[in-house]
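[1] what follows is a predicted protein model with its sequence.
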Amino acid sequence: MKPEGSYARIYAVVCRIPCGRVSTYGAVARVAGLPGRARQVGYALHALSEEEVPWQRVVNARGQISLGAEAGMNSLQRQMLEAEGVSFDDRGRVNLDEFGWRVNPS
DNA sequence: AGCCTGACTCGGA
DNA sequence: CTCCGAGCCAGGC
């Protein structure tokens, strides 16, 4: 198993997130086969920087955008999600109970 | 080789 | 509900 393989897993999971839905780093990590390595998920996405992967649909457990550090990106992400139909509150948080993506919705 | 930082999460206060 | 501390792995210097 190559270390790069883990990254490909993360990208694959993110790509599986349907339009208008968001997921958390922990959830993606778990589905990608990296339980507890949520941090690495964010790290992988940061290194990603590709438009082919909807990294914008990935937020933290609070449903808030953690990009803060990357100037401009956090605002951009919010607008992109809003364009997909995702609602944000005054604090810039998403209602995971509603837009939170479930791997297998019952 | 080691040390520090980081797109995070969880449990407790 | 929010805030704080500890744990986790990988990359950069």
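    Done, it's in.

[2] give me the neighbour count for the residue lying closest to A:Gly100 once chain neighbours are set aside.
    Spatially, and ignoring its direct neighbours in sequence, A:Gly100 is nearest to A:Val22 (6.5 Å; CB to CB, 6 or more residues apart in numbering). Placement of C-beta: from N, CA and C, glycine included. Neighbours of A:Val22 under the rule other CB atoms under 10 Å: 24.

[3] surely A:Val22 touches A:Gly63?
    Yes. If you go by CB atoms under 8 Å, A:Val22 and A:Gly63 touch, sitting 7.3 Å apart.

[4] common neighbours of the two, please.
    A:Val94, A:Leu96, A:Gly100 (CB atoms under 8 Å, 6 or more residues apart in numbering).

[5] number of nearby residues for the first one?
    A:Val94 has 24 neighbouring residues, counting by other CB under 10 Å.

[6] so who does it touch?
    Applying CB under 8 Å, 6+ apart, the residues near A:Val94 are A:Val22, A:Val59, A:Gly63, A:Gln64, A:Leu81, A:Val86, A:Ser87, A:Phe88, A:Gly100.

[7] what bridges to it?
    In this entry, A:Val94 is beta-bridged to A:Phe88, by DSSP bridges.

[8] does A:Ser23 count as helix, strand or coil?
    What DSSP: H, G, I helix; E, B strand; the rest coil gives for A:Ser23 is strand.

[9] next up, the contacts around the nearest residue to it once chain neighbours are set aside.
    Among residues not flanking A:Ser23 along the chain, A:Trp101 sits closest, at 4.4 Å (CB to CB, 6+ apart). Going by CB under 8 Å, 6+ apart, A:Trp101 touches A:Ile17, A:Pro18, A:Arg21, A:Val22, A:Ser23, A:Ala27, A:Arg57.

[10] next one: A:Ala27
    Counting by CB under 8 Å, 6+ apart, A:Ala27 has contacts A:Gly100, A:Trp101, A:Val103.

[11] report how many residues lie close to A:Arg30.
    Neighbours of A:Arg30 under the rule other CB under 10 Å: 17.

[12] would the helix or strand it falls within count as contacting DNA strand B?
    A:Arg30 belongs to helix A:25-32 when assigned by DSSP states H and E. Yes. Helix A:25-32 comes into contact with DNA strand B (CB under 7 Å from any atom of the strand), by way of A:Tyr25, A:Gly26.
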